[in-house]
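Asker: model the following, please.
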Amino acid sequence: MPYPISKTVAIVVAVVVVIAIVAAAVFTMMPTAPPAPGAPPAKKVWRWGTADPASYGYKVSAFLVDFIRRNLTRYDITVYPFVSTTANIKAYCKGELESVYIADLGFYELYTFTGAFEGFKPEVKKMPLQSFWTYTMETFILIPAGRAGEIKSWSDLRGKPVFLTPAGYMNHLNIRRALKALGVEVQHVEVDTKLVSKALEDGTIVATALYTTATLSLPTWGKELDIAYGDKLIPLNPTPEEVEKLKKAGLSVVDITVDKAFTKMKMKPLYGIPFFFGYHVGSEIPEEDVYMMLKVLEKNKDALTALEAGFAPLAKDFAGFQVAGIQSCDPSLVPIHPGLAKYLKEKGVWKAEWDKYVAR
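Answerer: Take a look at the predicted model:
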């Protein structure tokens, strides 16, 4: 049975509660104390978007971010992987990232709101600008050696089940663009990248697209495919007639450095369709910071190449590579970040006709 509380005790308890409430209210109304003298300012958040952990973009992001983080110390930079390149682009445009992993052809679809971005415009809060072109990728096609008799050209893939790399990847868009230029429509089969060799062996697909960076670096899943099944794969190259059609459509055809890219698949030549890729920001990252980022990465270009061979073309001519990237991505459609403009002007390679395309 509970003991009764005396009237005096009840009054004391009530007074204590009132005092506590008043004190809490006064405390919350007090101004926050300023940072201690000499205390470092809070870092700005920089969410660095990229594709999934099996992608090349995710792999090399750690190298790039490490150099930027060490030199642009006012930023807290974190790599954010997404299920696909397209997903990271949409996340950026919705305001969920400060930089985005995007290719020239991805920029085109985004700015014209076509393809994967059809109907997306109402969700857009911001758009990326041309900021840092990083490397080229080259998309090509491989088939099992046992199918060499029936499949001899890209046109022979018409109507057949093919893995065109994961839907939402820029390489997926690139190889579709190339096949479309030839009037070839295949049946894309979405395959878990860890199971591509099994899909080829089982006949679920008759061919797979794959890609390199700078003609010599495979993505993680491509290396796994090569180790598991590379000795049973051969190149499926476009015929000379198909190459001419591709060039007339404005596409280039390059030779893949097979000896460096592959461990088991050694047949040559292997031809791929190149396009430019990069990590880009918008106006939320100031001109001076983008300029400094480019200077930092240029200074460390040889160290980057030592970490990943795919940076070699960038390291060979850092400023020239930015010019080539801009030329691959219509600047009248996709504006240029003022930080990139400042860097190129300093290097003496800026083109006067681009002045009107610099974002304001």
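Asker: which strand residues bridge the residue nearest in space to the middle of the chain?
Answerer: Geometric centre of the chain, nearest residue: residue 101, 2.6 Å, by CA atoms, centre = their mean. Taking DSSP bridges as the rule, residue 101 bridges to residue 279.
Asker: and the gap between it and residue 288?
Answerer: 23 Å (CB to CB, to the nearest Å). Any C-beta I mention is one placed from the backbone N, CA and C, and that applies to glycine too.
Asker: what's the answer for residue 346, then?
Answerer: Using CB to CB, residue 346 is found at 12 Å from residue 288.
Asker: can you check residue 129 too?
Answerer: According to CB to CB, residue 129 stands 15 Å off from residue 288.
Asker: ok, residue 81 next?
Answerer: Separation of residue 81 from residue 288 (CB to CB): 28 Å.
Asker: who's more crowded, those two?
Answerer: Neighbours were counted for residue 81 and for residue 288 using other CB atoms under 10 Å; residue 81 has more, 18 against 11.
Asker: contacting residues for residue 319?
Answerer: Residues near residue 319 by CB atoms under 8 Å, 6 or more residues apart in numbering: 298, 343, 344, 347, 349.
Asker: in terms of helices and strands, where is it?
Answerer: Assigned by DSSP states H and E, residue 319 belongs to helix 318-328.
Asker: avg pLDDT for that helix?
Answerer: The average pLDDT within helix 318-328 is 96.
Asker: now the angle from the helix or strand following that helix to helix 318-328?
Answerer: Next along the chain after helix 318-328, taking DSSP H and E as the criterion, comes helix 338-347. Counting by axes from the mean of the first three to the mean of the last three CA atoms, to 10 degrees, helix 338-347 lies at 130 degrees to helix 318-328.
Asker: any idea how far helix 338-347 is from the chain center?
Answerer: Chain-centre distance of helix 338-347: 22 Å, with CA atoms, centre = their mean, to the nearest Å.
Asker: name the residues of that helix that are buried.
Answerer: 338, 339, 340, 341, 342, 343, 344 (16 or more other CB atoms under 10 Å).
Asker: need the residues that contact the host helix or strand of residue 225.
Answerer: Assigned by DSSP H and E, residue 225 belongs to helix 220-229. Residues from elsewhere that reach helix 220-229, judged by CB under 8 Å, 6+ apart: 53-56, 59, 193-194, 196-197, 200-201, 208, 210-212, 218, 233, 262-265.
Asker: change it to 7 Å
Answerer: With CB atoms under 7 Å, 6 or more residues apart in numbering as the contact definition, helix 220-229 has outside contacts at 54, 59, 193-194, 196-197, 200, 210, 218, 262-265.
Asker: next SSE downstream of that helix?
Answerer: For helix 220-229, the succeeding helix or strand toward the C-terminus, using DSSP H and E, is strand 233-235.
Asker: can you pull out the helices in the stretch 151-300 of the chain?
Answerer: Secondary structure of the stretch 151-300 of the chain (DSSP state H, counting those that start in this stretch): helices located at 170-181, 196-202, 220-229, 240-248, 258-261, 287-299.
Asker: over to the stretch 1-150 of the chain?
Answerer: Remark: helices assigned in the stretch 1-150 of the chain by DSSP H, counting those that start in this stretch are 7-29, 56-71, 85-93, 104-112.
Asker: got any ranges where the protein has weak pLDDT?
Answerer: The chain contains residues with pLDDT under 70 at 1-40.
Asker: rewinding a little: any idea of the angle the helix holding residue 225 forms with helix 56-71?
Answerer: Computed by the same axes, to 10 degrees, the angle separating helix 220-229 from helix 56-71 equals 140 degrees.
Asker: what comes up buried for helix 220-229?
Answerer: Neighbour counts over helix 220-229 (16+ other CB under 10 Å) mark 220, 221, 222, 224, 225, 226, 228, 229 as buried.
Asker: try stretch 263-277
Answerer: 265, 270, 271, 272, 273, 274, 275, 276, 277.
Asker: then that stretch to CSV, C-alphas only?
Answerer: Output of stretch 263-277 as CSV, limited to C-alpha atoms (Å, rounded to 0.1, in the frame of the first residue of the first chain):
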residue,chain,number,x,y,z
THR,A,263,44.4,-11.7,-68.9
LYS,A,264,42.8,-14.6,-70.8
MET,A,265,41.0,-13.1,-73.8
LYS,A,266,43.9,-12.4,-76.1
MET,A,267,42.5,-12.3,-79.6
LYS,A,268,43.1,-9.2,-81.6
PRO,A,269,42.1,-6.8,-83.0
LEU,A,270,39.2,-5.6,-80.8
TYR,A,271,37.4,-2.4,-81.8
GLY,A,272,35.4,-0.2,-79.5
ILE,A,273,33.3,3.0,-79.7
PRO,A,274,34.7,5.7,-77.4
PHE,A,275,33.0,8.5,-75.5
PHE,A,276,34.0,11.0,-72.8
PHE,A,277,33.2,10.6,-69.1
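Asker: which residues does it contact?
Answerer: In contact with stretch 263-277 (CB under 7 Å, 6+ apart) are residues 103-105, 133-140, 170, 174-175, 178, 212, 226-227, 230-231, 233-235, 237-238, 251-256, 258, 325, 328-329.
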